[in-house]
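Novice: model this:
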Amino acid sequence: MQRRIIIHRHSAGRYRIPYEQELNPAQLQAVMHTTGAALVIAGAGTGKTRTLVYRVARLVEDGVPPESILLLTFTRKAAQEMLRRAAGLLDGRCEQVSGGTFHSFAHSILRRYGEHIGLPRTFTVLDTSDVHDVLNLLRSDLRSELTSRRFPTAQTLSELYSTALNRCQPLSEALAAEYPHFLPLLEPIEQLLQAYTTYKRRHGLVDYDDLLVLLLQLLEEHPTVRARLHAQYRFLMVDEYQDTNRLQHRITLLLSGPEENVMAVGDDAQSIYSFRGADFRNILEFPKAFQQCRLIQLEENYRSTQPILDFANAILARAAFGYRKRLFTRRAPEGALPVIVCTEDERQQSLFVVQQVLELREQGIPLEQIAVLARSAYLFFDLEIELARAGIPYRKFGGLKFTETAHIKDIIALARVLHNPGDVVSWYRALLLLEGVGPRTARRIVESLQQEGVRWEDPHRLEALAPASRAAVASFWHLLRRLALQPPPLPELLQELVAFYRPILERRYDDAHKRWKDLEMLLSIAERYARLEEFLADLSLEPPTESLVEVEPTGADQESPLVLSTVHSAKGLEWDAVLLIWATDGRFPPLKARESLESFEEERRLFYVACTRARRWLYIVYPLRGFEQGDRWAFTKVSPFVAELEPGIAEYWSVTVQSA
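Specialist: Here you go, the predicted structure:
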């Protein structure tokens with residue numbers, strides 16, 4: 001029997017919460033919306049969370065049973081914080097609202113109704129390492145393929161499986177987009193993943209992605225279960241709708257019920273996670289999925305000055321598709337114009353950033369209220385060396401730690417062997433890179449070198465120690481011998497080591513094409529050094545990245561650190577001053593983004609997200625000369641998102657560095 005919900009409507013003056021006083025007109029429209037579908041387009045800094053919190057409180061205040069409200073978010077913390085704030089506005093009833101992530105909601109429903117689709121109530125949820133273990137177990141059935149050619153690792157297979165599911169696309173499309181070099185292995189990969197699915201079903205196992213897949217199956221195939229959920233959850237709200245994937249979008253539509261009491265809140269201009277499966281089309285198509293959908297736009301910004309908002313609006317104005325919006329503020333109509341800064345090269349870009357950070361600190365802006373953003377984590381490596389030299393503490397978010405990544409450690413090991421032939425640790429790591437050299441052979445060679453010393457003059461020093469891998473060891477020894485006896489300038493030396501390492505990189509890593517960017521950056525950093533000793537010392541003593549533990553202040557009197565972050569990791573955050581570096585065509589957007597309009601437009605949205613993180617000051621910095629294609633310098637152009645702007649919307653600076 002369906003429960004009937006009675007809503008007690010109050011006049012504005014009878015609400016305990018003074019909504020009209022605490023909300024702007026657009027927020028008030030969203031909060032007071034009750035029946036039927038609604039899409040709230042919440043621009044950057046326009047109080048999206050505040051709007052959701054007040055709507056939860058208003059529904060409860062109007063007599064809607066809290067347990068009949070379902071709030072879906074992308075983190076459990078976000079849902080808990082919203083319900084806590086709603087309870088603070090009204091009372092403890094708001095904490096009884098059903099809130100959580102799509103996956104946690106799916107888990108709870110599958111525990112209750114999973115038997116309808118053959119899933120036992122006692123099913124086990126696999127974590128990432130469990131998934132890899134199962135895939136490795138099943139790979140044993142494909143030994144003929146594994147021995148005939150390079151086969152994807154369990155991690156790569158897991159990522160492909162997840163990508164295809166979340167994007168609702170065939171495996172072949174996911175493979176072509178992410179790992180095209182594995183397309184010839186499509187058939188055995190499909191066989192393995194099918195065996196993986198069968199194995200999970202046979203043993204009552206569910207992985208993270210299955211939670212959504214199976215919930216969707218349950219909703220589509222069992223209308224009685226769907227009707228029960230409609231009766232239980234009469235009001236549905238979904239946060240960050242621009243980040244939903246196709247599975248989550250279809251689940252939302254099925255949960256909306258015959259009354260279509262669903263409100264989606266998000267910003268199409270901040271849809272930047274397609275690499276995680278998010279689909280920009282979801283928020284654009286949302287209104288068309290319902291008989292009638294109200295569109296409400298939040299455009300009043302509470303974060304940035306108007307000049308920064310004008311700059312962001314101009315970037316978005318040329319978007320090929322999306323909801324048109326114009327952010328404005330009443331709180332900070334005046335302010336400094338954003339600044340476009342051109343430097344001669346990457347070194348000057350880094351020095352400018354250091355100088356500007358120090359000047360802002362002199363003006364009383366704490367380092368923790370200054371952020372340096374970049375499109376990709378590897379673009380920070382040069383800057384991090386200069387920050388370390390200047391003694392500026394920093395924290396880094398997004399990406400891997402440069403000198404701790406395996407491929408960078410490999411190159412450093414090769415360089416250290418040349419610099420210090422007695423470095424047995426580096427010898428051991430370097431030898432293990434060679435095809436056919438295992439731990440036992442590497443240990444025997446290292447022990448011999450340790451006892452007898454390294455004699456570069458001997459043209460056949462190592463071959464006799466590794467008869468099973470003679471050719472690989474001989475090639476390696478002759479390269480090192482030549483570079484040691486006739487050392488070229490450091491940049492050329494590093495280029496030779498990287499050229500030797502490239503086929504090793506491609507053999508060892510499925511994502512070699514991504515790791516290659518790090519090696520290009522290492523070559524770029526080496527350009528400024530004359531001696532190998534200085535280069536290795538700086539990487540060891542002042543590494544391009546440090547762990548958060550190492551750079552966090554350890555005492556009450558120590559300064560909070562500067563923030564370095566990729567733009568993706570910066571979404572949802574804000575600072576007084578933002579410096580966006582490497583704003584060049586080819587870096588932001590990357591060259592690959594030119595391959596499709598959708599990719600290019602996502603880069604535009606990412607650029608918009610970067611700019612709207614700034615409250616008072618915004619600097620867009622780019623070098624005229626950049627390191628390209630691993631072995632040469634090339635002139636660059638400013639990002640097209642900047643080049644297309646009208647005059648008067650920003651200041652333009654040109655930076656040169658004077659010699660001391």
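Novice: who are the contact partners of the closest residue to residue 103 other than its chain neighbours?
Specialist: Leaving aside its sequence neighbours, residue 103 sits nearest to residue 211 (Cβ to Cβ, 6 or more residues apart in numbering; 5.0 Å). Where C-beta positions appear, they are placed from N, C-alpha and C, glycine not excepted. Counting by Cβ atoms under 8 Å, 6 or more residues apart in numbering, residue 211 makes contact with 103, 106-107, 110, 125.
Novice: same thing but at 10 Å, please
Specialist: 101-110, 123, 125, 247 (Cβ atoms under 10 Å, 6 or more residues apart in numbering).
Novice: which of the residues you listed count as buried?
Specialist: The neighbour count (16 or more other Cβ atoms under 10 Å) marks 101-103, 105-107, 109-110, 123, 247 as buried among those.
Novice: and which of these is nearest to residue 395?
Specialist: Checking the buried ones among the contacts of residue 211 against residue 395 by Cβ to Cβ gives residue 101 as the nearest, at 26.3 Å.
Novice: what helix or strand is the most centrally placed residue in the chain located in?
Specialist: Taking Cα atoms, centre = their mean, the centroid of the chain lies closest to residue 568, which sits 4.8 Å from it. Per DSSP states H and E, residue 568 falls inside helix 567-570.
Novice: ok now that helix, how far from the chain's centre?
Specialist: A distance of 7 Å separates the centroid of the chain from that of helix 567-570, by Cα atoms, centre = their mean, to the nearest Å.
Novice: follow-up on the earlier one: helix/strand/coil for the residue nearest to residue 103?
Specialist: Applying DSSP: H, G, I helix; E, B strand; the rest coil to residue 211 yields a three-state assignment of helix.
Novice: per-residue confidence at it?
Specialist: We have a pLDDT of 90 for residue 211.
Novice: which residues touch the closest residue to residue 394 other than its chain neighbours?
Specialist: Once flanking residues are discounted, residue 394 sits nearest to residue 562: 4.2 Å by Cβ to Cβ, 6+ apart. Shown in contact with residue 562 (Cβ under 10 Å, 6+ apart): 353-354, 357, 360-361, 366-372, 387, 392-396, 551, 575, 579.
Novice: and if we set it to 6 Å?
Specialist: 367, 370, 392, 394 (Cβ atoms under 6 Å, 6 or more residues apart in numbering).
Novice: from residue 361, how far out is the first one?
Specialist: Taken as Cβ to Cβ, to the nearest Å, the spacing of residue 367 relative to residue 361 amounts to 6 Å.
Novice: more neighbours: which of the two?
Specialist: Just comparing residue 367 and residue 361: by other Cβ atoms under 10 Å the higher neighbour count belongs to residue 367, 20 against 17.
Novice: in the helix or strand hosting residue 448, what counts as buried?
Specialist: Counting by DSSP H and E, the element that carries residue 448 is helix 439-452. Neighbour counts over helix 439-452 (16+ other Cβ under 10 Å) mark 441-442, 445-446, 449 as buried.
Novice: after it, which helix or strand is next?
Specialist: Helix 439-452 is succeeded, C-terminally, by helix 470-485 (DSSP H and E).
Novice: what stretches of the stretch 301-450 of the chain score poorly on pLDDT?
Specialist: 399-404 (pLDDT under 70).
Novice: that one: strands as residue ranges?
Specialist: Applying DSSP state E, counting those that start in this stretch to the stretch 301-450 of the chain gives strands spanning 339-345, 370-374, 394-397.
Novice: who touches the first one?
Specialist: In other words, strand 339-345. Counting by Cβ under 6 Å, 6+ apart, 349, 352, 619-621, 623-625, 642, 650-655 sit against strand 339-345.
Novice: these in helices, which ones?
Specialist: Secondary structure from DSSP state H places 349, 352, 642 of the contacts of strand 339-345 in helices.
Novice: and the last one, how close does it get to residue 582?
Specialist: Read that as residue 642. Residue 642 is 12 Å from residue 582, by Cβ to Cβ.
Novice: ok, residue 15 - contacts?
Specialist: Listed by Cβ under 6 Å, 6+ apart, the contact set of residue 15 is empty.
Novice: for residue 470, give its distance to residue 60.
Specialist: Relative to residue 60, and taking Cβ to Cβ, residue 470 is found at 77 Å.
Novice: also residue 475?
Specialist: 73 Å.
Novice: between the two, which has more neighbouring residues?
Specialist: More crowded of residue 475 and residue 60, by other Cβ under 10 Å: residue 60, with 21 against 12.
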